[in-house]
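>>> Got a predicted model here, sequence first, then my questions.
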Amino acid sequence: MSAWLDPLRRVLDETAVALSFFFRDDDVGRGDDRLTPLLDRFARRAIPIDLAAIPQALHPPLADALRRAVARSGGAVGIHMHGFAHMNHESAGRKAEFGTSRDAADQRRDLEDGRRRFEALLGDVVAPFFTPPWNRCTETTGRLLRELGFQALSRDAGEPALGLPGLVELPVRVDWLRRPAASPHDLSLVAARLAAARPERPTGIMLHHERMDEDELERLDELLALLAGHRAARCRRMAALVADGWDG
Ligand SMILES: [Zn+2]
């Protein structure tokens, strides 16, 4: 048994109500060769995963592979939009593609172009959800998403909720790559975030396959094994959480 997961194991053992989790893997379109090993781990444990793909980084062979992965998964793999080009447009401060320096027209054009590209390459396997690069966007983005028919927005739980009726927010609460400075293999911060799981909200876990080597996948598999085997853990697709009316 993996000792680093003891804090989460205790929370799961003690809860009277099941806890919901979802996994969001970002930056699909980059580091393609590391995506399949990650998807294999999820398939082996029968745990669902949502892929946040960059429209501008999609190319036909990758799109074909993604469509096949979705078809094979029997509903366990979802795909949604991760920005447009994953490009920073802020000249100062925190990076953002959909930040305060972009007006509504710029943002709308990116969202529409991204969706068009998604529809052309992926067809109807795309979920109407949006993850902004760096987990950041403005209220303008939220209003545009709603106008364009997007149903859900996923950012970091540290960002204040937009609270726009009709736009579900499914933030991530755990960054798998969050490590103490100078201790790249120390999972204590990840464990602490996981142990903050509560029945009243789903716990989103953000991954970046591009930065996950075999050793990282082994550690992740320890988490997947715990969640797959524990009576109190429910791993869901984002679409299932939205359908069930979860928010926040
Ligand atoms: Zn990203």
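Arrived safely. Numbering: from 1, shown residues only.
>>> Would the longest strand along the chain count as contacting the ion?
For the chain, the longest strand by residue count, based on DSSP state E, is strand 19-28. Yes. Legend: contact between strand 19-28 and the ion by Cβ under 5 Å from the ion is shown at 26-27. All C-beta spots, glycine's among them, are computed from the backbone N, C-alpha and C.
>>> Write out the residues of the chain neighbouring the ion.
26-27, 133.
>>> Now rank these by neighbours and give me the top one.
residue 26 (26 neighbours; other Cβ atoms under 10 Å).
>>> nearest residue to that residue other than its sequence neighbours?
Leaving out its chain neighbours, the residue that sits closest to residue 26 by Cβ to Cβ, 6 or more residues apart in numbering is residue 52, at 4.6 Å.
>>> what bridges to the one you found?
residue 80 (DSSP bridges).
>>> which ones are touching it?
Residue 52 is in contact with 24-28, 80-82, 131, 154, counting by Cβ atoms under 8 Å, 6 or more residues apart in numbering.
>>> Put the alpha carbons of the longest helix belonging to the chain into PDB.
Longest helix of the chain, by residue count under DSSP state H: helix 104-122. What follows is helix 104-122, C-alpha atoms only, in PDB (Å, rounded to 0.1, in the frame of the first residue of the first chain):
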ATOM      1  CA  ALA A 104     -15.200  40.400 -26.200                       C
ATOM      2  CA  ALA A 105     -14.700  40.400 -30.000                       C
ATOM      3  CA  ASP A 106     -11.200  38.800 -29.700                       C
ATOM      4  CA  GLN A 107     -12.400  36.200 -27.200                       C
ATOM      5  CA  ARG A 108     -15.500  35.400 -29.300                       C
ATOM      6  CA  ARG A 109     -13.400  34.900 -32.400                       C
ATOM      7  CA  ASP A 110     -11.100  32.500 -30.600                       C
ATOM      8  CA  LEU A 111     -13.900  30.500 -29.100                       C
ATOM      9  CA  GLU A 112     -15.800  30.300 -32.500                       C
ATOM     10  CA  ASP A 113     -12.600  29.400 -34.400                       C
ATOM     11  CA  GLY A 114     -11.700  26.800 -31.800                       C
ATOM     12  CA  ARG A 115     -15.100  25.200 -31.900                       C
ATOM     13  CA  ARG A 116     -15.200  25.100 -35.700                       C
ATOM     14  CA  ARG A 117     -11.800  23.400 -35.700                       C
ATOM     15  CA  PHE A 118     -13.000  20.900 -33.100                       C
ATOM     16  CA  GLU A 119     -16.100  20.100 -35.100                       C
ATOM     17  CA  ALA A 120     -14.200  19.600 -38.300                       C
ATOM     18  CA  LEU A 121     -11.600  17.300 -36.700                       C
ATOM     19  CA  LEU A 122     -13.500  15.600 -33.900                       C
END
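>>> That concludes my questions; thank you for your assistance.
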